[in-house]
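Asker: Have a look at this prediction, sequence included:
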There are 2 protein chains.
Amino acid sequence: MNRDMNAINIFEKFEKFSEHWTPKIIGELNGQQVKLARLKDSFVWHSHENEDELFLVFKGTLIMEFRDKVEKVREGEMIIVPRGVEHNPRTENGEEVWVLLFEPADTRHTGEVEHEKTVHDQQWI
Amino acid sequence: MNRDMNAINIFEKFEKFSEHWTPKIIGELNGQQVKLARLKDSFVWHSHENEDELFLVFKGTLIMEFRDKVEKVREGEMIIVPRGVEHNPRTENGEEVWVLLFEPADTRHTGEVEHEKTVHDQQWI
């Protein structure tokens, strides 16, 4: 983990990349990582067997589909997806959505699903 | 932990309490808790033996004093304080600062220090 104890500007970090569905790591603590992701359109249905996952929205509206409901998560809102719960994050009308993720350091963002969108080596920015 | 998978509006949660230096729990995942705190003036020098701690600022400017430097953490910025590092969070000029905290569920906010500001039973809001 970074032990430099500097303030990290989150919007500046978002400006450092442009790819969608490709989480970038900005911090690590207690075996958990803080990541940023830009989302657009649809991802893939998946779940995480052993990891709960937090999404905190910095821009736009995240649509979180569950098998039994759909939840809108707006700017300044967060949602926690417990382990084992199938979910499909997406955006509407081509909107780009910026989210901060909080999850264990070894979490694969597509969960148990191997998908063309799976990123195996997530990078620090 | 809450398994209701609802969007949580962070500013609305901040409006639910007014005490300073009294973290309130708004979420739990992977043995970690998400807390909100309103800070004003000075706290107390302390460290956490086994817990790293994240501060994400939602309003105002947090002044994080370390023994060898002072870091300003502004709105939209975060800082991670590694375990074992002495720190003293405070605010300037009587400003009230709103922060989101991320730390292990059993973290005492004054670390190893027992202080009149120590809150033993942190509450969910």
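Answerer: The structure has been received and is ready for your questions.
Asker: Does A:Asp20 touch A:Ser42 like I think?
Answerer: No, residue A:20 isn't Asp; it's His. No. Using CB atoms under 8 Å, A:His20 makes no contact with A:Ser42, being 10.4 Å away. Backbone N, C-alpha and C define where each C-beta goes, glycine included.
Asker: Please name the nearest non-neighbouring residue to A:Glu92.
Answerer: Closest residue in space to A:Glu92, ignoring its immediate chain neighbours: A:Ile63 at 5.7 Å, by CB to CB, 6 or more residues apart in numbering or on different chains.
Asker: That neighbour should be in a strand, yeah?
Answerer: Yes. Counting by DSSP: H, G, I helix; E, B strand; the rest coil, A:Ile63 is located in a strand.
Asker: Number of residues surrounding it?
Answerer: Here the number of neighbours of A:Ile63 (other CB atoms under 10 Å in any protein chain shown) works out to 18.
Asker: so what strands line up beside the lowest-mean-pLDDT helix or strand in chain A?
Answerer: In chain A, no helix or strand scores lower on mean pLDDT, DSSP states H and E than strand A:123-124, which sits at a mean of 92. Strands that pair with strand A:123-124, judged by DSSP bridges, come out as strand A:24-29 (parallel).
Asker: Not counting the strand it pairs with itself, show me its contacts.
Answerer: A:1-2, A:8, A:10, A:13, A:16-17, A:33-37, A:105, A:122-125, B:52-54, B:78, B:80, B:82, B:102-103 (CB atoms under 8 Å, 6 or more residues apart in numbering or on different chains).
Asker: Okay, and which of those residues map to helices?
Answerer: A:Ile10, A:Lys13 (DSSP state H).
Asker: Please pick the buried ones from the contacts of strand A:24-29.
Answerer: A:8, A:10, A:13, A:33-37, A:122, B:52-54, B:78, B:80, B:82, B:102-103 (16 or more other CB atoms under 10 Å in any protein chain shown).
Asker: gap between A:Glu12 and B:Ile63?
Answerer: Using CB to CB, to the nearest Å, A:Glu12 is found at 20 Å from B:Ile63.
Asker: Would you confirm that the residue nearest to A:Glu92 contacts A:Arg74?
Answerer: No. A:Ile63 lies out of contact with A:Arg74 (CB under 8 Å); the separation is 10.4 Å.
Asker: so where does the nearest residue to A:Thr91 once chain neighbours are set aside fall, helix or strand?
Answerer: The spatially closest residue to A:Thr91, leaving aside those adjacent along the chain, is A:Val97, at 4.7 Å (CB to CB, 6+ apart). If you go by DSSP states H and E, A:Val97 is part of strand A:96-104.
Asker: distance between that strand and the chain's centre?
Answerer: 3 Å (CA atoms, centre = their mean, to the nearest Å).
Asker: do stretch A:45-53 as well
Answerer: With CA atoms, centre = their mean, you get 12 Å for stretch A:45-53.
Asker: so for it, what's the average pLDDT?
Answerer: Across stretch A:45-53, pLDDT averages out at 93.
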